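Undergrad: this one's structure only:
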Ligand SMILES: Cc1ncccc1N[C@@H](C)c1ccc2c(c1)OCCO2
């Protein structure tokens with residue numbers, strides 16, 4: 001049938017979940033490597049290795065300018081932060097461990113929220 005617009009209450013729920021999840025990610029103890037864009041001028045190799053940089057401040061800007069159609073698009077960007085981290089950083093490093101901790105936290109929290 002014709003593509004029906006999603007009922008607005010679903011959009012409202014998704015937007016609320018994105019706001020809650022992003023605030024918790026930004027406040028997490030291990031968020032420090034991910035709060036702002038990696039400076040590709042000062043981190044050798046980053047520009048070449050990481051094709052799609054992403055960070056929490058960029059996600060915040062996209063959320064505040066209605067660039068996420070739904071929760072799925074938001075989750076894709078958050079996972080991009082952690083996938084970039086795994087690609088560039090050793091698991092057994094400060095930043096690598098922070099990335100694994102943050103991914104675990106995020107997966108637990110969005111599962112809890114969606115089950116609520
Ligand atoms: C997520 C990530 N992956 C790979 C490299 C860097 C980063 N984060 C930047 C902010 C960053 C994090 C930590 C730093 C730093 C920059 O530059 C100075 C030394 O400590």
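TA: Perfect, thanks for sending it. These figures come from a predicted structure and were not determined experimentally.
Undergrad: all contacts plus neighbour counts: C-alpha atoms, from now on.
TA: OK.
Undergrad: Next one: residue 8 from residue 2, what distance?
TA: Distance, residue 8 to residue 2, using CA to CA, to the nearest Å: 17 Å.
Undergrad: out of the two, which sits in the more crowded spot?
TA: A direct count of neighbours by other CA atoms under 10 Å for residue 8 and residue 2 places residue 8 higher, at 9 against 4.
Undergrad: Now the phi/psi pair for that one, please.
TA: phi -60, psi -30 (degrees, to the nearest 10).
Undergrad: pLDDT score for it?
TA: Among the per-residue scores, residue 8 shows a pLDDT of 85.
Undergrad: Then residue 1?
TA: With respect to pLDDT, residue 1 has a value of 52.
Undergrad: next one: residue 73
TA: 97.
Undergrad: What is the burial count for it?
TA: By other CA under 10 Å, the residues close to residue 73 number 11.
Undergrad: What of the one 4 residues further on?
TA: If you count neighbours by other CA under 10 Å, residue 77 ends up with 20.
Undergrad: what about it, which SS state?
TA: Here residue 77 is recorded as helix under DSSP: H, G, I helix; E, B strand; the rest coil.
Undergrad: residues contacting it?
TA: Contacts for residue 77 (CA atoms under 8 Å, 6 or more residues apart in numbering) come out as 54, 59.
Undergrad: can you tell me how far the residue nearest the centre of the chain sits from residue 11?
TA: Closest residue to the average C-alpha location of the chain: residue 78 at 1.8 Å, with CA atoms, centre = their mean. Using CA to CA, we find residue 78 at a distance of 19 Å from residue 11.
Undergrad: Could you do residue 39 as well?
TA: In terms of CA to CA, residue 39 sits 34 Å off from residue 11.
Undergrad: which one of the two has more residues nearby?
TA: Ranked by neighbour count (other CA under 10 Å), residue 39 and residue 11 place residue 11 first, with 14 against 10.
Undergrad: Just the buried residues of the helix or strand encompassing that one, please?
TA: With secondary structure defined by DSSP states H and E, residue 11 is part of helix 8-27. By 16 or more other CA atoms under 10 Å, the buried positions in helix 8-27 come out as 14, 15, 17, 18, 21, 22, 25, 26.
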